[in-house]
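K.L.:
Compute the structure for the input listed below.
(one chain, ligands or ions: 1)
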Amino acid sequence: MSYENKTIHEFDFSLICEYFSNVERQGPGSPEVTIKALSFIENLTAQSSIADLGCGTGGQTMILAQNTLGQVTGLDLFSDFISIFNRNAHTLGLSDRVKGITGSMVDILPFEKESLDLIWSEGAIYNIGFERGLNEWKQYLKKGGYIAVSESSWFTNERPNEIYDFWMAHYPEIDTIPKKVAQMQSAGYIPVATFVLPENCWTEHYFAPCCDIQKSFLQKHLGSKNAEELIAGQRHEMELYHKYKEFYGYVFYIGKKI
Ligand code: SAH
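P.N.:
Prediction:
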């Protein structure tokens, strides 16, 4: 979702929810990438507690659950997403150990201190900010527990003004991979792994499903300025990605609490 930070209040929440409810993922990623990130996490058992913060409708959460044992709790600000999440968990026969709850990642989280074995967050930590999220969420992890988050990052030291300005307006905390790794280290984690999400996480798994629903969405909301703006923003984000993808992308950061 592309309303990082400043613009969230300018949009009509119900429209955003309706739009993104129609796609499996609300941000770049893929089942393969979720499984790859998971491969760096050790010591998960049937007793493990996992939280997926900013889970959306749960595309990645279900993959996570299917490839781990233990309890998985998804948390998202939007109750409509959580309803879909819980429906999906039920359909997949996972509802005995996968539960979605509505809440904000910015608030005190509904977990005991030092109770979680793994905190997951794909394409969502920007809502609290990478550094703040790493620092605040650490209290909920057991010693030796893991955090795995994907975050937009610069690939190069220099970049064209157009894409720089776009990100400064939407998420100024975007930074280079070494800077993000250093932030992870300073927050009290061992940086275990980092990898760049392949292009198909954007094109095939995020943009293409969104493109498929844009036309009918606009038709349904014919004449709605908000709907037009939402889709225009989506299309702009996609055009920028195609133009500047060698300069930025999503990166998975995996750390272990010391
Ligand atoms: N992890 C999902 C969704 C990413 S989009 C995926 O990869 O598909 C970002 C998600 O963060 C959205 O579902 C949005 O509703 C959620 N979100 C935004 N602000 C939030 C907050 N303060 N607390 C929890 N979730 C939030």
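
K.L.:
make it CA atoms for all contacts and neighbour counts henceforth
P.N.:
Noted.

K.L.:
Any idea how many residues pack against Leu222?
P.N.:
11 (other C-alpha atoms under 10 Å).

K.L.:
Contacts only, for it.
P.N.:
Applying C-alpha atoms under 8 Å, 6 or more residues apart in numbering to Leu222 gives no contacts.

K.L.:
Any regions of this structure where pLDDT drops low?
P.N.:
1-11 (pLDDT under 70).

K.L.:
Mind giving me the packing neighbours of the longest helix belonging to it?
P.N.:
Longest helix in the chain, counting residues (DSSP state H): helix 225-244. Using 3 or more C-alpha pairs under 8 Å, 6 or more residues apart in numbering; DSSP states H and E, the elements in contact with helix 225-244 are helix 13-21, helix 208-220.

K.L.:
The last one near the ligand at all?
P.N.:
This points to helix 208-220. No - using C-alpha under 6 Å from any ligand atom, we find that helix 208-220 stays clear of the ligand, coming within 12.0 Å at best.

K.L.:
pretty sure Thr102 is touching Ile84, no?
P.N.:
No - the criterion here is C-alpha atoms under 8 Å, and Thr102 misses it with Ile84 at 11.7 Å.

K.L.:
on that earlier part again, need the contact partners of the following helix or strand past the longest helix of the chain.
P.N.:
Next helix or strand after helix 225-244 toward the C-terminus (DSSP states H and E): strand 248-257. Strand 248-257 is contacted from outside by 28, 37, 40, 123, 138, 141-156, 177, 181, 184, 188-197, using C-alpha under 8 Å, 6+ apart.

K.L.:
Can you verify my assumption that Phe207 contacts Met238?
P.N.:
Yes - Phe207 is within contact range of Met238, at 6.9 Å (criterion: C-alpha under 8 Å).

K.L.:
quick one: which of those two has more around it?
P.N.:
Phe207 (22 against 17).

K.L.:
Next, work out how far apart Lys142 and Ile50 are.
P.N.:
11 Å (C-alpha to C-alpha, to the nearest Å).

K.L.:
where does the closest residue to the ligand within the stretch 151-258 of the chain fall, phi/psi-wise?
P.N.:
The stretch 151-258 of the chain approaches the ligand most closely through Tyr206 (8.5 Å), counting by C-alpha to the nearest ligand atom. Note on Tyr206: backbone dihedrals following degrees, to the nearest 10 are phi -120, psi -60.

K.L.:
Repeat that for Gly56.
P.N.:
Taking degrees, to the nearest 10 as the convention, Gly56 sits at phi 60, psi -140.

K.L.:
start the count at 260, not 1, going forward
P.N.:
Okay, using 260 as the starting number, the last item reads as Gly315.

K.L.:
How about the contacts made by the residue nearest to it when sequence neighbours are not counted?
P.N.:
Once flanking residues are discounted, Gly315 sits nearest to Phe340: 5.4 Å by C-alpha to C-alpha, 6 or more residues apart in numbering. Residues near Phe340 by C-alpha under 8 Å, 6+ apart: 276, 280, 315-316.

K.L.:
Since that was my last question, I'll sign off now.
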